[in-house]
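1. Following is a predicted model, sequence given first.
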Amino acid sequence: PQYASTGLDVWTMMNQVAASVNAVNLGQGFMSYPPREFIRRAAQEALVENTHNQYAPPRGHPGLLKQVGIHFANRLARPIDVSSELSIHAGANEALLSVFTAFLEHGKDQEVILMEPAFDQYTPNIIMAGGKPVYVPLRVQSGDKDPSKDVISSHDWKLDMSELEAAINENTRIIVVNTPHNPIGKVFSREELEQIGDIAARHNLLIIADEVYEHLTYGVDHISIATLPGMWERTVTVGSAGKMFGVTGWRVGWSVGPAELIQPTLSAHTRIVFTSNTPLQEGVASALKLAKENDFLSIQRQEYEHRRNRLMAIFDDVGLPYVVPDGAYYLLVNAAAIKIPSDYSFPDFIEERGPNFKLVYFFIKEFGVSGIPPTEFYSEPHRHLANDYIRFAFCKTDEGLDKAAKCLQSLK
Ligand code: GLN
């Protein structure tokens with residue numbers, strides 16, 4: 001069986017390595033602080049009355065459909081018919097699996113284009129749905145800046161449009177566009193999205209827009225590809241309450257798009273999980289309503305920007321260059337300067353995963369700060385492009401970041 005022998009996923013593996021030395025965990029992108037009081041209260045209140053304990057309709061709890069509909073009507077500047085153009089999922093991951101399941105057929109060699117680095121869930125989700133992932137790497141074009149010595153911008157990671165087009169053939173069905181991007185923090189520009197959209201239109205492809213970090217951008221605007229002319233018709237946009245409210249354990253996400261695309265997605269969702277949990281859908285509905293009143297999302301954005309700046313300052317201080325993220329909550333640090341002693345011994349589960357896993361393992365053990373090996377986000381032919389990088393998450397408390405700063409002093 002496909003999943004019988006794959007061993008630990010990277011998240012569990014690196015959490016375990018971090019725990020073994022009690023490291024400051026800047027690995028997996030979960031928040032190390034509690035959600036705001038109003039958000040927790042919204043979930044508590046959903047359970048006070050006995051009204052949210054049974055199945056919600058597969059498409060979603062009506063109260064949440066209404067609020068997410070209002071949210072997207074604003075975001076996408078178009079009316080959203082929540083009875084046909086929206087579906088609630090058990091997290092954005094399940095939304096992605098549902099879209100792939102809806103539009104890929106087993107045994108037909110249908111292909112999905114991913115831009116590398118690509119969030120590690122895409123590949124197994126595509127394979128489970130019967131499709132074949134095809135990878136086009138983002139390539140660093142930083143001019144005379146050397147990424148192993150100089151700070152570069154996430155915008156320096158470019159998609160070569162002719163490389164994208166060359167990857168398309170008669171079996172291609174879908175392009176996945178992740179903006180803001182995990183792990184680079186790149187926010188695709190309007191021009192880039194127009195070029196991708198133009199290619200998708202010429203080859204009649206679907207677009208899956210993974211925009212779970214839509215609210216977290218720093219000094220640039222997030223643009224939904226679905227808002228570009230002619231793109232709504234071919235795009236399913238995926239979002240996440242976990243990312244929006246700092247509640248990644250609630251597992252509430254959504255997909256939005258034209259009825260022709262959401263209907264099959266909903267059918268797949270119905271067969272995968274039937275429906276997402278009702279009380280937390282109600283909790284998210286109330287939180288969305290309150291967030292508008294207290295301007296929560298823009299306050300939260302500023303907090304993340306502060307955390308980003310703090311983590312960048314920590315690496316400035318110890319002299320390791322990084323990629324400045326314009327969005328999301330990850331920092332790719334270039335650790336080429338760190339030399340691992342030749343007699344250093346690694347456990348087999350790290351040794352067999354290559355140089356980048358060794359670098360991250362060594363870093364966690366030696367400096368007590370954990371990250372994620374970004375080579376996990378690559379296919380074999382392009383994996384070497386990330387060998388020098390470690391991904392750190394900054395959805396963490398000031399206290400945690402201060403502790404990381406202390407640990408890293410020994411790098412000086
Ligand atoms: N999206 C989060 C990250 O990239 C968590 C991923 C996961 O746990 N599957 O860190």
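-> That came through fine.
2. how about Met231, what does it touch?
-> Met231 is in contact with Gly197, Ala200, Ala201, Ile207, Ile225, counting by Cβ atoms under 8 Å, 6 or more residues apart in numbering. Heads up, the C-betas are built off the backbone N, CA and C, glycines and all.
3. tell me which element Phe315 is part of?
-> Secondary structure assigned from DSSP states H and E places Phe315 in helix 296-318.
4. so after that helix, what's the next helix or strand?
-> strand 322-324.
5. neighbouring strands for that next one, and are they parallel or not?
-> strand 152-153 (parallel), strand 330-334 (antiparallel) (DSSP bridges).
6. domain ranges for this structure?
-> 10-35+297-411, 40-293 (automatic domain parsing).
7. Any residue of the shortest one touching the ligand?
-> So the one you mean is domain 10-35+297-411. Yes: counting by Cβ under 6 Å from any ligand atom, the ligand is contacted by domain 10-35+297-411 at Trp11, Gln28, Gly29, Ala393.
8. for the longest one, same thing?
-> Yes: Domain 40-293 lies in contact with the ligand when judged by Cβ under 6 Å from any ligand atom; the contacting residues are Gln121, Asn182.
9. Give the rounded mean pLDDT of that domain.
-> Averaged over domain 40-293, pLDDT sits at 97.
10. what distance separates the start and the end of it?
-> End-to-end distance of domain 40-293 (Cα to Cα, to the nearest Å): 16 Å.
11. how far does it sit from the chain's center?
-> Offset of domain 40-293 from its chain centre (Cα atoms, centre = their mean, to the nearest Å): 9 Å.
12. Could you do stretch 358-369 as well?
-> For stretch 358-369 - counting by Cα atoms, centre = their mean - the centre lies 23 Å from the chain centre.
13. what's near enough to touch Lys358?
-> By Cβ under 8 Å, 6+ apart, the contact set of Lys358 is Ile340, Phe346, Ile350, Glu351.
14. just checking, the second one is part of a helix?
-> I take that to be Phe346. No: under DSSP: H, G, I helix; E, B strand; the rest coil, Phe346 falls outside any helix and is assigned coil.
15. ok now do Glu365, which residues does it touch?
-> In this structure residue 365 is Lys, not Glu. By Cβ under 8 Å, 6+ apart, the contact set of Lys365 is Val17, Val21.
16. That one: what secondary structure?
-> helix.
17. circling back: what about the residues of domain 10-35+297-411 next to the ligand, which one has the most neighbours?
-> In terms of neighbours by other Cβ atoms under 10 Å, the residues of domain 10-35+297-411 next to the ligand top out with Ala393 at 24 neighbours.
18. Hmm, that residue is touching Gly27, no?
-> Yes: Ala393 lies in contact with Gly27 (Cβ atoms under 8 Å); the separation is 6.6 Å.
19. Give me the common contacts of these two.
-> Common neighbours of Ala393 and Gly27 are listed as Gly371, Ile372 (criterion: Cβ under 8 Å, 6+ apart).
20. And the strands in the stretch 51-200 of the chain?
-> Here the stretch 51-200 of the chain has its strands, by DSSP state E, counting those that start in this stretch, at 86-89, 111-116, 132-137, 139-140, 152-153, 157-158, 172-178.
21. The last one: partners in the sheet, and parallel or antiparallel?
-> To tie it back to what came earlier, the one meant is strand 172-178. The pairing partners recorded for strand 172-178 under DSSP bridges are strand 111-116 (parallel), strand 206-210 (parallel).
22. Just send these back as JSON lines, with mean neighbour count too.
-> Output for the strands paired with strand 172-178, formatted as JSON lines (neighbours: other Cβ atoms under 10 Å):
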{"stretch": "strand 111-116", "mean neighbour count": "24"}
{"stretch": "strand 206-210", "mean neighbour count": "25"}
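23. got these as CSV, with distance to Arg234 columns?
-> Converted to CSV, the strands paired with strand 172-178 look like this (distance: least, Cβ to Cβ, whole Å):
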stretch, distance to Arg234
strand 111-116, 14
strand 206-210, 6
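24. Out of those, which is closest to Ser410?
-> Across the strands paired with strand 172-178, Ser410 has its closest neighbour in strand 111-116 (32.6 Å, Cβ to Cβ).
25. Taking the stretch 1-150 of the chain, what residue is nearest to the ligand?
-> Nearest residue of the stretch 1-150 of the chain to the ligand: Gly29, at 2.9 Å (Cβ to the nearest ligand atom).
26. any idea how far that residue is from Ala46?
-> Gly29 is 25 Å from Ala46, where distance means Cβ to Cβ, to the nearest Å.
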